[in-house]
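Asks: Sequence first, then the predicted structure:
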Number of protein chains: 2
Amino acid sequence: MSKAVFYHAGCPVCISAEQDLLNLIPENQVEIIHLGEEKSKVEAAEKAGVKSVPALVTPNGNVLHINFGASIEDLK
Amino acid sequence: MSKAVFYHAGCPVCISAEQDLLNLIPENQVEIIHLGEEKSKVEAAEKAGVKSVPALVTPNGNVLHINFGASIEDLK
């Protein structure tokens, strides 16, 4: 199975959601990408359908936007 | 550890999010509550901070609002 991808940008909302989700989802099933530090991955995130962070892209390609930390537009 | 609680209301957005999350979170760590069928639990959900469904209340009491299916006001 491919992994889920959790996109965040270091904002307080992101970090809180990250901790909460990682407590629930087994670590080997999710990849964490910090879009603030990896700007080159913003475009791929946007193509996957991510409109804001934090967001979780599931292995089947669905995007779960979780609360609201920052718009992807603000990360470009 | 107490369980996380996933609140939903049977809407398409809810069911999709439910499937996606349950594929990632071990089944014994999350309780599913259908607020459309269990109206008596709407008040408890609201007190926990749930403003819309689907939402996941984590064991430490944080509320993760996931996408947007319906407002809790519409479930009363």
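Replies: Thanks, I have the structure now. Numbers count the residues shown, from 1 in each chain, chains lettered A, B, ... in the order given.
Asks: list the contacts for residue A:71?
Replies: With CB atoms under 8 Å, 6 or more residues apart in numbering or on different chains as the criterion, the residues that contact residue A:71 are A:51-52. C-beta here means a position set from N, CA and C on the backbone, and glycine is covered the same way.
Asks: who does it bridge with?
Replies: For residue A:71, the beta-bridge partners under DSSP bridges are residue A:52.
Asks: what pLDDT does it get?
Replies: The per-residue pLDDT reported for residue A:71 equals 96.
Asks: what do you get for residue A:1?
Replies: Model confidence at residue A:1, given as pLDDT, is 56.
Asks: Same check on the one 3 residues further on?
Replies: The predicted local distance difference test score for residue A:4 is 96.
Asks: Distance-wise, check it relative to chain B.
Replies: According to CB to the nearest CB, to the nearest Å, residue A:4 and chain B sit 6 Å apart.
Asks: how near is the closest residue to that residue other than its chain neighbours to residue A:2?
Replies: Excluding the flanking residues, the one nearest residue A:4 by CB to CB, 6 or more residues apart in numbering or on different chains is residue A:30, at 4.6 Å. Per CB to CB, to the nearest Å, residue A:30 is found 11 Å from residue A:2.
Asks: And for residue A:49?
Replies: Distance from residue A:49 to residue A:2, counting by CB to CB: 16 Å.
Asks: neighbour-wise, which of those two wins?
Replies: When neighbours are counted by other CB atoms under 10 Å in any protein chain shown, residue A:49 and residue A:2 differ, and residue A:49 comes out ahead with 13 against 10.
Asks: Right, I'll leave it there.
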